[in-house]
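Visitor: Build me a structure from this.
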Amino acid sequence: MSLFKSRRDSAALNSRLIRRPIRRMAWLFLLPTFAAFCVGFLYPFCKGLFLSFCEFRITSQWKWTGLENYKNAFQDPGYLHAFWFTTLFAVTSLVLINLLAFALAYALTRKFRGANLFRTVFFLPNLIGGIVLGYIWSMIFDGILIRYNTSVMLETKYGFWGLIILVCWQQIGYMMIIYIAGLQAVSEDMLEAARIDGASAWQTLWRVTIPNVMPSITICTFLSLTNGFKLFDQNLALTQGRPFQQLPGGDTIKTTEMLALNIVNAFSSNGGGNRGVGQAKAVIFFVVVAAISIIQLQATRRKEVQQ
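Guide: The predicted structure follows:
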């Protein structure tokens, strides 16, 4: 017995001696990741934040202008219109994507033949690039609208709903997979207890299923919201921000241009003479999206059921 205890104590001592140097050198294992984070994100972000206060054409030649770029950004009617258009698009796509994705997930978690095939089919559009999807749907929409002598690039309402349909078709399958994972994690005992207590299918869905799927709802609403605000390639390929509209003051805006596309166009406007305005728009864009995302995460996490 004493021999066994001695061996056990010796093994524990050796284990502690091995762990100590590993803990002391743990920062070495984190160093490559931290270096990549600094080079790939932290430095460009800080550099971009600084350049948003400067007038520049290339990053090595800049002139400090203070808040002038931000003033010009908020006075740009095209940027303000893009902000409200993007907000409307993000909210509409958020609601439609999550409602349809949850409905599909709920249906496909019912046991029936071919459910796995349907899951694969619905997920496939997510694997296609946004530019390719934009051009494909552009041909589809224009093939229909040409009968009415119009196009997604000629009328704002068609451009808006065209973008909504495109994004829903692309992202619903991805969100559906997340919802399926959440639905499958709901305890069968809880569902059975609800049925025994006389709860209807609708009551079970609202009182049992949805509260337990809130973590998946949090993830999907976050992804849908941020993707809606960041949308660029689909907007570029489908409408290019068109049609144009002349305002009473004489300014011309693109009525389906979203924030990301507006920022990219700001860098090339006026021959790229002052890209500081575009950089200021990008900083404002980052702050708005980050703030909205944090508020959304906090709001949905409060409703999550503690397991």
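
Visitor: From now on I want contacts and neighbour counts done on CA atoms only, so please keep to that.
Guide: Will do.

Visitor: residue ranges of the helices in the stretch 201-307 of the chain, please?
Guide: 201-204, 210-212, 214-230, 233-238, 259-268, 276-301 (DSSP state H, counting those that start in this stretch).

Visitor: now the longest one, how far from the centre of its chain.
Guide: Relative to its chain's centre, helix 276-301 lies at 12 Å (Cα atoms, centre = their mean, to the nearest Å).

Visitor: List the buried residues for it?
Guide: For helix 276-301, burial by neighbour count (16 or more other Cα atoms under 10 Å) applies to Gly276, Val277, Gly278, Gln279, Ala280, Lys281, Ala282, Val283, Ile284, Phe285, Ser293, Thr300.

Visitor: between that helix and helix 214-230, how many degrees?
Guide: Angle between the axes of helix 276-301 and helix 214-230 is 160 degrees (criterion: axes from the mean of the first three to the mean of the last three Cα atoms, to 10 degrees).

Visitor: Averaged pLDDT, helix 276-301. What do you get?
Guide: Mean per-residue pLDDT for helix 276-301: 88.

Visitor: Tell me the helices and strands packed up against it.
Guide: Here helix 276-301 touches helix 43-51, strand 54-58, helix 68-74, helix 214-230, helix 259-268, going by 3 or more Cα pairs under 8 Å, 6 or more residues apart in numbering; DSSP states H and E.

Visitor: got it, and the fourth one?
Guide: For helix 233-238, the elements it packs on are helix 130-145, helix 156-184, judged by 3+ Cα pairs under 8 Å, 6+ apart.

Visitor: out of those helices, deepest packed?
Guide: helix 156-184 (a mean of 21; mean count of other Cα atoms under 10 Å).

Visitor: can you list the helices and strands packed on helix 276-301 in TSV and add mean pLDDT, distance to Phe34 and mean neighbour count?
Guide: Putting these into TSV (pLDDT from 0 to 100; distance: least, Cα to Cα, whole Å; neighbours: other Cα atoms under 10 Å) gives the following:
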stretch	mean pLDDT	distance to Phe34	mean neighbour count
helix 43-51	90	12	15
strand 54-58	86	28	19
helix 68-74	91	31	18
helix 214-230	91	25	20
helix 259-268	88	28	20
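
Visitor: Identify each buried residue in stretch 182-194, please.
Guide: Result for stretch 182-194 [16+ other Cα under 10 Å]: buried residues Gly182, Leu183, Val186, Leu191, Ala194.

Visitor: nearest to Phe45, of the helices of the stretch 201-307 of the chain?
Guide: Evaluated over the helices of the stretch 201-307 of the chain, closeness to Phe45 peaks at helix 276-301, with 9.1 Å, by Cα to Cα.

Visitor: Compute the inter-axis angle for the closest one and helix 259-268.
Guide: Using the same axes, to 10 degrees: helix 276-301 against helix 259-268 is 160 degrees.

Visitor: Let me have the buried residues of stretch 182-194 in CSV, adding distance to Thr239 and pLDDT as columns.
Guide: As requested, the buried residues of stretch 182-194 are exported to CSV (distance: Cα to Cα, whole Å; pLDDT from 0 to 100):
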residue, distance to Thr239, pLDDT
Gly182, 36, 90
Leu183, 37, 90
Val186, 42, 86
Leu191, 47, 83
Ala194, 49, 85
